[in-house]
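Peer 1: Provide a 3D model corresponding to the input given below.
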Amino acid sequence: MSEKQLSRSVTTKKRVDESLAHMRKGTKLTKVRKSRQYERRFSIDSDNVALRYDDSKKIVWLRRLLRKGDDMSKVYIGDIREVREGFSTDNLGKVAENLGLKEDQCFSIIVGSQHKSLDLVENSKQGRDDWVHGLRYLIRKHKDLALHKQQDLWLRKMFEFADKDQSGALELGEIVRLLKHLNIDVTTEEAKTVFMKADTNKHNTNEKGEATLDMEEFVNFHKIITKRPEVEQVFKLYTIDNDYLDPEEMYEFFKVEQERDDITIEECKDYIQRYEACPDAKEQSKLSLDGFRTMLNSQTHALFNSQHTVVYQDMTQPLNHYFIDSSHNTYLLEDQIVGPSSVEAYVRALQKGCRCVELDCWDGPDNEPVIYHGYTLTSKILFKDVISAIDIYAFKASHFPVILSIENHCSVDQQKVMARHMIEIFGDKLFRTPLEDDTAELPSPFALKGKILIKAKKLPPQASEDDDMSEEDEAAEMEDERVKQEKVKAGNKNHKVKIARELSDLVICHQSVHFKSFEHTKENYTPAQMSSFSENKAFDLVDNEPSAYVRHNTFQISRIYPSGLRTDSSNYDPVPMWNTGCSIVALNYQTPDDSMQINMGKFRDNGGCGYILKPDFLLTAKLPSGISFNPNGPFPDEWKRKIQITVISGYMLPKPKGAGKNEIIDPYVKIEIEGVPMDKQNAKTAIVDNNGFLPMWNESFNFNVNCPDLALIRFLVKDNQVMSKNDLIGQTCIPFNSIQPGYRYVHLLDKHDEDIWGTIFVHVTIKPIHTTSL
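Peer 2: Residues are numbered from 1 along each chain as shown. Now for the predicted structure:
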């Protein structure tokens, strides 16, 4: 390390130490809710696990995340998604001026899967910066914790949850209630038996003289009751002494069970050092059963291939060679009639890796364009506020380009304002370099790293400074059914749109043009032009001209958007669009339905960067034999695979939202294959009654997959309780080519694609189906 680097490191550590000291000491902060302010004392607890503050009335959305004790509330560091500076939330943006707030003293803590915010004000910029830097440091440290350390924190959280009287110890009744909460269906007598085994300090009693467990004993109690016989069975298949695996035995396990032909003895030794908690075992290079469980439960050894959690695909091909993660009506948080529009919606989409967002632009007061869903009662937000948020968050989750899909309903004057805002706010991020010629290939995601691209209508070269364009002839995306109906009522069926030269000049790679036919596109358009299709038109092409649609998508980008009649913001099935090579398949990001969960699963691949390279047959529109690719088949035999999935068990499956307090779930697992029509299939396990903690299935399912490059495998864990309104316990969706064979944990997500503690344990084999090739 150079002297300069060492000095910087010392300075950084000193700054962190000062920030942590400031937070531990505690300060009075002003909490802002809507137009009201409350002064509260905030601090970080001594072991940096939780943010504590006094709060007489807890906010409803925090009830599940906060713990109350000693008149204090808690937010665990692990539940904090982000810390923002300034007026960075909708709430602060709206009330800052009226309340006279100073931007350099404000910050916001974003909590939970719903990204709710605690908006706070310090008395000084220095104090604010201490909180921001300190909290960000603790969030990073929490993310870097080893798995067993995260488990320790979770156990502490559960201990405090169960310790209703804040005594620092748990009596049997408190533990039984906790077990019910964790979906562990045991009798009081069964719990008492384990309780007595874990109670090593018989002197620990409560005021009534009843035995209690302290934190250390509770950890032991949890270890006894969470014993995993199905994992132990796998462990004992490869160990001679039944207690430990040595590197050679681990090597055999990885070669035979996990199908790791590239595994080495040295790598096995490294795994022991990484996952074994016992110092003596680690020194002897041996892996205990606990270490084995920790290893299998790690992200490295999960069902989703950890090598695909980073960008690994070729990113130097033209933009139209990629599937691009895309959002429709990005500004909406709820429905499309009366729901709120929000800058926060853009932040959430970009943070999830979305690379194409939509801006529905209309004239606003004071010559400032606004964004909202036209002809509805949805609220309005300023165009410049959205652009400012995009400037901040565009490249937080991915360095690859962001496309702004502009739906332009503005006057020429306000279009000029839009152009000025984008030029001034984005600066060098805005891509403005003209392509070499009209027939040139599009630039690559790699060449466009850190760039923002504009998709909109563009004036033809011969047009005057500002010119009319017929929506009927030139509109890139035929407006949705609702807007069309409103225009017909208003007598504007053949409405002309005037385009400002300033806005037109910002459109480089994605000029919106009207689709007439595949032949017309090939003869008259270039790769830098693109068409948008309503879902109904796209499904018609998929059903009736699939091969022609595939060929079209090798030449030009297609954008698909939901029907305007989906006023509830529901989504169409994106899979048929991907099967024909459509690059931009825009979905309502605000709706966590099946389609959105499948979309999130597809774009987990390639590091979650928002760009997935299409398979070769979608780039050439041909099979290896030279015949045209058709998603309806036939498919080369060398592509075909048989996958066997054995669902062994589940672990710590949470209750679905809305389940009764004392209710124990009846879980089952459903496996769905998504992809080309011939591959679409599903199967489900039997129902296990009254066991959400460790349900055992041991059921195997076989699926033949004809086109693995387009296939996704979806796991859904559901509750069979008839009375439950929402039966989803957890889900995940994984591209077929990202699946690792062998004994694997499936880490479950909630409907918003946020991690939950629950997992299912599976065994997977994938084999080729050998027949005659096409």
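
Peer 1: quick check: longest strand of this structure.
Peer 2: The strand that spans the most residues within the chain, counting by DSSP state E, is strand 755-768.

Peer 1: Against which helices or strands is that strand packed?
Peer 2: Based on contacts counted as 3 or more CB pairs under 8 Å, 6 or more residues apart in numbering; DSSP states H and E, the elements that strand 755-768 packs against are strand 641-651, strand 712-719, strand 728-735, strand 742-749. Where C-beta positions appear, they are placed from N, C-alpha and C, glycine not excepted.

Peer 1: give me that answer again for 6 Å
Peer 2: Contacts defined by 3 or more CB pairs under 6 Å, 6 or more residues apart in numbering; DSSP states H and E place strand 755-768 against strand 641-651, strand 742-749.

Peer 1: For the first one, name the packing helices and strands.
Peer 2: In this case it means strand 641-651. Taking 3+ CB pairs under 6 Å, 6+ apart as the contact definition, the neighbouring helices and strands of strand 641-651 are strand 696-705, strand 755-768.

Peer 1: Using JSON lines, lay out the helices and strands packed on strand 755-768 together with distance to Ile729 and mean neighbour count.
Peer 2: JSON lines is the format used below for the helices and strands packed on strand 755-768 (distance: least, CB to CB, whole Å; neighbours: other CB atoms under 10 Å):
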{"stretch": "strand 641-651", "distance to Ile729": "9", "mean neighbour count": "20"}
{"stretch": "strand 742-749", "distance to Ile729": "7", "mean neighbour count": "22"}
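
Peer 1: quick one: which of those is nearest Arg355?
Peer 2: Of all these, the one in closest proximity to Arg355, counting by CB to CB, is strand 742-749 (20.7 Å).

Peer 1: Report the beta-bridge partners for Thr765.
Peer 2: In this structure, Thr765 has the following beta-bridge partners (DSSP bridges): Gln644.

Peer 1: Which pLDDT does the model give it?
Peer 2: What the model reports as pLDDT for Thr765 is 97.

Peer 1: Against Glu18, how distant is it?
Peer 2: Between Thr765 and Glu18 the computed distance is 55 Å (CB to CB, to the nearest Å).

Peer 1: Would you mind giving the helices and strands packed on strand 755-768 as TSV with distance to Gln273 added?
Peer 2: Below are the helices and strands packed on strand 755-768 laid out as TSV (distance: least, CB to CB, whole Å):
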stretch	distance to Gln273
strand 641-651	25
strand 742-749	21
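
Peer 1: nearest to Ala447, of these?
Peer 2: Using CB to CB as the measure, strand 742-749 is the one of those that comes nearest Ala447, at 33.3 Å.

Peer 1: any idea where the strands of the stretch 301-450 of the chain begin and end?
Peer 2: 322-327, 356-362, 370-371, 381-382, 402-408 (DSSP state E, counting those that start in this stretch).

Peer 1: Nearest approach to Ile423 belongs to which of those?
Peer 2: Among the strands of the stretch 301-450 of the chain, strand 402-408 comes nearest to Ile423, with 13.0 Å by CB to CB.

Peer 1: List of residues touching the closest one?
Peer 2: Contacts to strand 402-408, defined as CB atoms under 6 Å, 6 or more residues apart in numbering, come from residues 355-356, 358-361, 394, 452-456.

Peer 1: Make sure Ile454 is indeed in a strand.
Peer 2: Yes. Under the criterion used here (DSSP: H, G, I helix; E, B strand; the rest coil), Ile454 sits inside a strand.

Peer 1: In contact with it, which residues?
Peer 2: Applying CB under 6 Å, 6+ apart, the residues near Ile454 are 404, 506-507.

Peer 1: give me the beta-bridge partners of it?
Peer 2: Partner residues in beta bridges with Ile454, using DSSP bridges, are Leu404.

Peer 1: Please enumerate the helices of the stretch 551-700 of the chain.
Peer 2: Ranges of helices in the stretch 551-700 of the chain, per DSSP state H, counting those that start in this stretch, are 575-579, 594-602, 616-620.

Peer 1: Could you dump those helices into TSV with mean neighbour count added?
Peer 2: Formatted as TSV, the helices of the stretch 551-700 of the chain follow (neighbours: other CB atoms under 10 Å):
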stretch	mean neighbour count
helix 575-579	24
helix 594-602	22
helix 616-620	18
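
Peer 1: Max pairwise distance over the contacts of strand 402-408: which two?
Peer 2: Counting by CB to CB, the most remote pair of those is Arg355 and Cys361, 19.7 Å apart.

Peer 1: Please identify which of the two sits among more neighbours.
Peer 2: Each of Arg355 and Cys361 had its neighbours counted (other CB atoms under 10 Å), and the higher figure belongs to Arg355 (26 against 23).

Peer 1: Please list all residues in contact with the more buried one.
Peer 2: Taking CB under 6 Å, 6+ apart as the contact definition, Arg355 lies against 324-325, 402, 610.

Peer 1: and the nearest residue to it once chain neighbours are set aside, backbone torsions?
Peer 2: Nearest in space to Arg355, with sequence neighbours left out and distances taken as CB to CB, 6 or more residues apart in numbering, is Gly610 at 3.6 Å. For Gly610, the backbone dihedrals (degrees, to the nearest 10) come out as phi 90, psi 0.

Peer 1: For Gly610, list the residues it contacts.
Peer 2: If you count contacts by CB under 6 Å, 6+ apart, then Gly610 has 325, 353, 355, 398 around it.

Peer 1: Go through the residues you listed and single out the one with the most neighbours.
Peer 2: Tallying neighbours with other CB under 10 Å puts Asp325 at the head of the contacts of Gly610, with 28 neighbours.

Peer 1: Quick check: it touching Cys354?
Peer 2: Yes. Asp325 lies in contact with Cys354 (CB atoms under 6 Å); the separation is 5.1 Å.

Peer 1: Run through who's touching stretch 262-270.
Peer 2: Looking at stretch 262-270 with CB under 6 Å, 6+ apart, the contacting residues turn out to be 247, 250-251, 254, 285.

Peer 1: in that stretch, what counts as buried?
Peer 2: Counting neighbours by 16 or more other CB atoms under 10 Å, one finds that the buried residues in stretch 262-270 are 263, 268-269.

Peer 1: what's the domain layout of this structure?
Peer 2: As assigned by automatic domain parsing, the chain contains the domains 15-144, 150-225, 229-297, 319-614, 637-768.

Peer 1: now, the most widely separated pair of the contacts of stretch 262-270?
Peer 2: Put simply, by CB to CB the two of the contacts of stretch 262-270 set farthest apart are Phe254 and Ser285, 15.4 Å from each other.

Peer 1: Which of the residues in the helix or strand harbouring Asp280 are classified as buried?
Peer 2: Using DSSP states H and E, the element containing Asp280 is helix 279-283. Applying a neighbour-count criterion of 16+ other CB under 10 Å, one finds 281-282 buried in helix 279-283.

Peer 1: next one: stretch 359-371
Peer 2: Under the neighbour-count rule (16+ other CB under 10 Å), stretch 359-371 has 359-362, 364, 369-371 buried.

Peer 1: ok, back up a step: run through who's touching the longest strand of the chain.
Peer 2: With CB under 6 Å, 6+ apart, strand 755-768 has contacts from 641-654, 730, 741, 743-748, 750.

Peer 1: does Ser43 belong to a helix or a strand, and which?
Peer 2: Secondary structure assignment for Ser43, by DSSP H and E: strand 36-44.

Peer 1: Sheet-wise, list the partners of that strand with their directions.
Peer 2: According to DSSP bridges, strand 36-44 forms sheet pairs with strand 27-33 (antiparallel), strand 50-54 (antiparallel).

Peer 1: which of those strands sits most buried?
Peer 2: Burial among the strands paired with strand 36-44, expressed as mean neighbours by mean count of other CB atoms under 10 Å, is greatest for strand 50-54, which shows a mean of 20.

Peer 1: Distance from the chain centre to the helix or strand just after that one, please.
Peer 2: Moving toward the C-terminus from strand 50-54, the next helix or strand (DSSP H and E) is strand 72-76. Strand 72-76 has its C-alpha centroid displaced from the chain centroid by 25 Å (CA atoms, centre = their mean, to the nearest Å).
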